[in-house]
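A.B. asks: Can you look at this prediction? I've put the sequence above it.
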Amino acid sequence: MSVFRNIISLTNKKGGVGKTTSALNLASALHSAGKKVLLVDNDHQGNLTAAVGLTPAEQKYTLANLLLAAIDYPEDIAIHMQRTLLQIKDGLDLIPANRRLADAAARLQVMQLSQYNAVGNSERYCEKVMSELLLSVTSDYDYIIIDCGLQHELLTINALAASDYCIIPVQAHFLASEGIPNVLDMVRSVQSRFNPNLKIAGILLTMYQSRPQLCQSVRESVGEVYGGAFHVFERPIEYSIKVAECPAAGRSIFEHAPKNAAAESYRSLAEEVLRLG
């Protein structure tokens, strides 16, 4: 049983930066290190759910059910959680998602705009619904890894409000690195309004090619601009076609190509994450 909280969100407002791949492979690396890990798919597209080999549309119980239960029937969260948790392997579980998560996001927006409160507690915030539902399982896991989507910003705010740390994956490309300030603004807003304990674990360079000068320049630039204020993870995630094949195969890089350079990169990331707690 865990005696401390280690909830980590992976987020970036830009697509194609490797959030889902990094969430899955970080969780798999932590699991290989003997940690009990819960993955949370916080994207209505269900990419993380698909990446572990499941069909999102076929999932009857998802994060959407949990969020709606937390809004309307918080006393029944434990029952809904038991139905929703899926075991990927011993010690590695998933809360799946599919397009119904968009409906839950819309409900959160209604709650936000109208300050609607189904249970009569005026101090409840729509931005902290995910915090409430994860409380029922926090002590069961060493790490909870949340993969955030691009749409439905309120879902991402919920994830950050529930998290101890966030990791910002950034593609090793100049234009991709320009999106970092937008993410930092969101993090600061959550820190000031909902979660003062939220910390930025670091900026993770992904799709990195050690030879091209552009990748090296982006790595140096990110280090120069943000390295003083924020940690930049020591080893960028190496670009590899094997990583791109993983979601289609429904497996992590450690199952698909354990000797690949990207697998070593994710092992290094996990080692740094283990030092956070």
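C.D. replies: Sure, I can see it. From a predicted model like this one, the values you see are computed outputs, not experimental measurements.

A.B. asks: Give the residue spans of the stretch 101-250 of the chain that score low on pLDDT.
C.D. replies: In the predicted model of the stretch 101-250 of the chain, residues 115-123, 173-179, 210-228 satisfy pLDDT under 70.

A.B. asks: And the helices in it?
C.D. replies: 129-134, 153-162, 174-177, 180-193, 213-226, 241-249 (DSSP state H, counting those that start in this stretch).

A.B. asks: Now the second one: buried residues?
C.D. replies: Put plainly, it is helix 153-162. Using 16 or more other CB atoms under 10 Å as the test for burial, helix 153-162 gives 154, 155, 156, 157, 158, 159, 160, 161, 162. Glycine gets a C-beta too; all of them are placed from N, C-alpha and C.

A.B. asks: Was I right to think the second one contacts residue 149?
C.D. replies: Which is residue 155. Yes - judged on CB atoms under 8 Å, residue 155 makes contact with residue 149 at a distance of 6.7 Å.

A.B. asks: what touches both of those two?
C.D. replies: Residues within reach of residue 155 and of residue 149 at once, by CB atoms under 8 Å, 6 or more residues apart in numbering, are residue 42.

A.B. asks: and whatever helix or strand residue 273 lives in, which residues are buried?
C.D. replies: Per DSSP states H and E: residue 273 is located in helix 261-274. Using 16+ other CB under 10 Å as the test for burial, helix 261-274 gives 261, 262, 263, 265, 266, 267, 268, 269, 270, 272, 273.

A.B. asks: Okay, the second one and residue 269: tell me how far apart.
C.D. replies: Note on residue 262: its distance to residue 269, by CB to CB, to the nearest Å, is 10 Å.

A.B. asks: Need the overlap of contacts for those two.
C.D. replies: Here residue 262 and residue 269 have 25, 237 as joint contacts, going by CB under 8 Å, 6+ apart.

A.B. asks: For residue 82, grab phi and psi.
C.D. replies: For residue 82, the backbone dihedrals are phi -60, psi -40 (criterion: degrees, to the nearest 10).

A.B. asks: State the pLDDT value of it.
C.D. replies: pLDDT recorded at residue 82 is 94.

A.B. asks: and what of the one 4 residues further on?
C.D. replies: Model confidence at residue 86, expressed as pLDDT, equals 98.

A.B. asks: residue contacts, it?
C.D. replies: Counting by CB under 8 Å, 6+ apart, the residues that residue 86 touches are 54, 93, 94, 95, 96.

A.B. asks: 10 Å - rerun?
C.D. replies: Residues near residue 86 by CB atoms under 10 Å, 6 or more residues apart in numbering: 39, 49, 52, 54, 59, 61, 62, 92, 93, 94, 95, 96.

A.B. asks: will you turn those into JSON lines that also has pLDDT?
C.D. replies: Output for the contacts of residue 86, formatted as JSON lines (pLDDT from 0 to 100):
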{"residue": "39", "pLDDT": "98"}
{"residue": "49", "pLDDT": "97"}
{"residue": "52", "pLDDT": "95"}
{"residue": "54", "pLDDT": "96"}
{"residue": "59", "pLDDT": "97"}
{"residue": "61", "pLDDT": "97"}
{"residue": "62", "pLDDT": "98"}
{"residue": "92", "pLDDT": "97"}
{"residue": "93", "pLDDT": "98"}
{"residue": "94", "pLDDT": "98"}
{"residue": "95", "pLDDT": "98"}
{"residue": "96", "pLDDT": "98"}
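
A.B. asks: Just among those, which is most surrounded?
C.D. replies: residue 39 (29 neighbours; other CB atoms under 10 Å).

A.B. asks: So for that residue, what's the nearest residue that isn't a sequence neighbour?
C.D. replies: The spatially closest residue to residue 39, leaving aside those adjacent along the chain, is residue 94, at 4.6 Å (CB to CB, 6 or more residues apart in numbering).

A.B. asks: Spell out which residues sit in contact with that neighbour, please.
C.D. replies: If you count contacts by CB under 10 Å, 6+ apart, residue 94 has them with 24, 27, 37-41, 48-49, 51-52, 54, 59, 63, 84-88, 145.

A.B. asks: And the contacts of residue 86, which is closest to residue 183?
C.D. replies: Checking these against residue 183 with CB to CB, the nearest one is residue 39 at 20.7 Å.
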